[in-house]
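J.: the following comprises the amino acid sequence and a computationally predicted model.
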Amino acid sequence: MTTTPATPAYDPDNIFAKILREEIPSFRVYEDDETLCFMDIMPRADGHCLVIPKTPCRNVLDATPEQLAAVMRTVQKVSRAAMVAFGAGGVSLQQFNEAVGGQEVFHLHVHVLPRHAGTPMRAPGKMGDMDAIKGHAEQLRAALETL
């Protein structure tokens, strides 16, 4: 019999939960009944955004199939819009689970990064220019309206 360690409890005071409650500002791009997409403030590519469920879960280890499906529907929609908005040749999706897996914010989220041939992603952990991020959010919102 294989055993897995228990997933720690969800922390309702994580930064993404605060963004959902609008306790801290964010550049919101898309929202439906189940998900929210907003811009990453430490973008590794122009247009880098995050998709999260509106309901609590740490990551894929404790998410319900319904939460995962809702998040992936929005990831697909936003990915298509990012290709248009940024003239991207592709998108990279990143999703991390638990600290050892690289997760830093313990609310399920998927990174959507528009990509261009020959342009590497920027290093992680560097704050972006807020005016540029705001402009990228506007571009992405406009592209979403066309899909």
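T.: Happy to help now that I have it. Numbering: from 1, shown residues only.
J.: so where's the protein uncertain?
T.: 1-4 (pLDDT under 70).
J.: what segments of it are strands?
T.: Secondary structure of the chain (DSSP state E): strands at 28-31, 35-39, 49-53, 90-94, 110-115.
J.: relative to the first one, what are the paired strands and their orientations?
T.: What that stands for is strand 28-31. Strand 28-31 has these partner strands in its sheet, going by DSSP bridges: strand 35-39 (antiparallel).
J.: using CSV, write out every CA atom in the partner strand.
T.: Output in CSV follows, covering the C-alpha atoms of strand 35-39 (Å, rounded to 0.1, in the frame of the first residue of the first chain):
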residue,chain,number,x,y,z
THR,A,35,-12.2,31.6,-11.5
LEU,A,36,-10.2,34.8,-11.6
CYS,A,37,-7.3,35.8,-13.8
PHE,A,38,-4.9,38.6,-12.9
MET,A,39,-1.5,39.8,-13.8
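J.: what's in contact with that strand?
T.: Under the contact criterion Cβ atoms under 8 Å, 6 or more residues apart in numbering, strand 35-39 has outside partners 19-20, 26-31, 48-54, 70-71, 73-74, 78, 112, 133-134, 136-137, 140. Where you see a C-beta, it was placed from the backbone N, CA and C, and this is true even at glycine.
J.: and if we set it to 7 Å?
T.: 19-20, 26-30, 49-54, 70-71, 74, 78, 133, 136-137 (Cβ atoms under 7 Å, 6 or more residues apart in numbering).
J.: now Asp32, nearest residue through space, not along the chain?
T.: Thr74 (6.8 Å; Cβ to Cβ, 6 or more residues apart in numbering).
J.: burial count for the one you found?
T.: 23 (other Cβ atoms under 10 Å).
J.: residues in contact with it?
T.: Counting by Cβ under 7 Å, 6+ apart, Thr74 makes contact with Tyr30, Asp32, Thr35, Cys37, Val51.
J.: run the last query once more with 10 Å
T.: Applying Cβ atoms under 10 Å, 6 or more residues apart in numbering to Thr74 gives the contacts 29-32, 34-37, 51-53, 110, 112.
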